[in-house]
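J.: 3D, please:
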Amino acid sequence: MAHPAQLGLQDASSPIMEELLHFHDHALMIVFLISALVLYIITTTVSTKLTNKHLLDAQEIEMIWTVMPALVLVAIALPSLRILYLMDEINNPHMTIKATGHQWYWSYEYTDYETLNFDSYMIPTQDLLPGQFRLLDTDNRMIVPTSSPVRMLITAEDVLHSWAVPSLGLKMDAVPGRLNQTTFIATRPGIFFGQCSEICGANHSFMPIVIESAPVKHFESWSSSMLAEA
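T.: Take a look at the predicted model:
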């Protein structure tokens, strides 16, 4: 989860988010170099005799400021397209979970089980226990096994929602009447927080997402207990 006065993105907890962090640093360095170069050129042209018409009309200068932006765009586009392909690729997921957005809560259905489904509501502030987080914790968490590919099918029942978990690099629109899909792998055990990222109504800020990554044996015991209750 995010922390007060935090700089940068949340710590990566999935391979996709690690790639996104690397791409963020890569693009940020390019922006820094461009800004430094432009500032240097502006300072130089203002403070010296380089503003004469022979330099400003030089063919070489025009060639440079045409070719260099093209090379910069290529340096940004290639890793970006690679990450887009990785995010779209879904290879033999171990399980499929359907998330449905409602006004204003999420419901989850483990499609590999017959009766494993539940609703996930935000815990009201007055009911929070010590250690729980205001506006982020839910009464039922979505439990997934660690290091297992999980496919998410995301839709909505009423209006547009957006299912987003920053530390896992997940953000997918939930559209009524349509199934969108994405995939993720939680590389470490932990609890990962997210929220609806679409302005979906008056209680938009009160439909959080909580994913708990646990070892396989703990996931199996949890699923068994949930099925027994059902």
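
J.: Chain neighbours aside, what residue packs nearest to residue 170?
T.: With sequence-adjacent residues excluded and distances taken as C-beta to C-beta, 6 or more residues apart in numbering, residue 170 is closest to residue 184, at 5.6 Å. Every C-beta, even on glycine, is put in place using the N, C-alpha and C of the backbone.

J.: So what sits opposite that neighbour in the bridge?
T.: residue 150 (DSSP bridges).

J.: count of residues packed around it?
T.: Applying other C-beta atoms under 10 Å, we find 25 residues neighbouring residue 184.

J.: Hmm, residue 172 and it touching each other?
T.: No: counting by C-beta atoms under 8 Å, residue 172 is not a contact partner of residue 184; they are 10.2 Å apart.

J.: Find residues that contact each of the two.
T.: Here residue 184 and residue 172 share the contacting residues residue 152, scored by C-beta atoms under 8 Å, 6 or more residues apart in numbering.

J.: how about low-confidence regions in the protein?
T.: Counting by pLDDT under 70, the chain shows low-confidence ranges at 47-58.

J.: May I see the domains of it written out as residue ranges?
T.: Per the record, the chain has its domains at 15-88, 95-229, by automatic domain parsing.

J.: tell me the most buried of these?
T.: domain 95-229 (a mean of 17; mean count of other C-beta atoms under 10 Å).

J.: what about that one, distance to the chain center?
T.: 14 Å (C-alpha atoms, centre = their mean, to the nearest Å).

J.: how about the nearest residue to residue 92, chain neighbours excluded?
T.: residue 149 (6.8 Å).

J.: name the helices or strands packed onto the helix or strand where residue 217 lies?
T.: For residue 217, the element it lies in under DSSP states H and E is helix 216-229. Taking 3 or more C-beta pairs under 8 Å, 6 or more residues apart in numbering; DSSP states H and E as contact, the helices and strands that helix 216-229 lies on are strand 142-145.

J.: again, 10 Å this time
T.: strand 105-110, strand 117-120, strand 142-145, strand 208-214 (3 or more C-beta pairs under 10 Å, 6 or more residues apart in numbering; DSSP states H and E).

J.: Of all these, which one is nearest residue 164?
T.: Closest approach to residue 164 among those is made by strand 208-214 (7.2 Å; C-beta to C-beta).

J.: strand partners of the closest one, parallel vs antiparallel please.
T.: Next to strand 208-214 in the sheet, as set by DSSP bridges, lie strand 142-145 (parallel), strand 190-196 (antiparallel).

J.: among the ones you listed, which is nearest residue 103?
T.: Nearest of the strands paired with strand 208-214 (C-beta to C-beta): strand 190-196, 10.1 Å.

J.: Next, the angle from that closest one to strand 105-110.
T.: Angle of strand 190-196 versus strand 105-110, following axes from the mean of the first three to the mean of the last three C-alpha atoms, to 10 degrees, is 130 degrees.

J.: Buried residues in stretch 2-17, which are they?
T.: 10, 12-14, 16-17 (16 or more other C-beta atoms under 10 Å).

J.: mind listing the helices for the protein?
T.: Ranges of helices within the chain are 15-47, 53-56, 59-88, 216-229, based on DSSP state H.

J.: so which of those helices gets nearest residue 155?
T.: helix 59-88 (18.2 Å).

J.: Quick one: distance of the closest one to the chain centre.
T.: 24 Å.

J.: Nice, that's everything, thank you.
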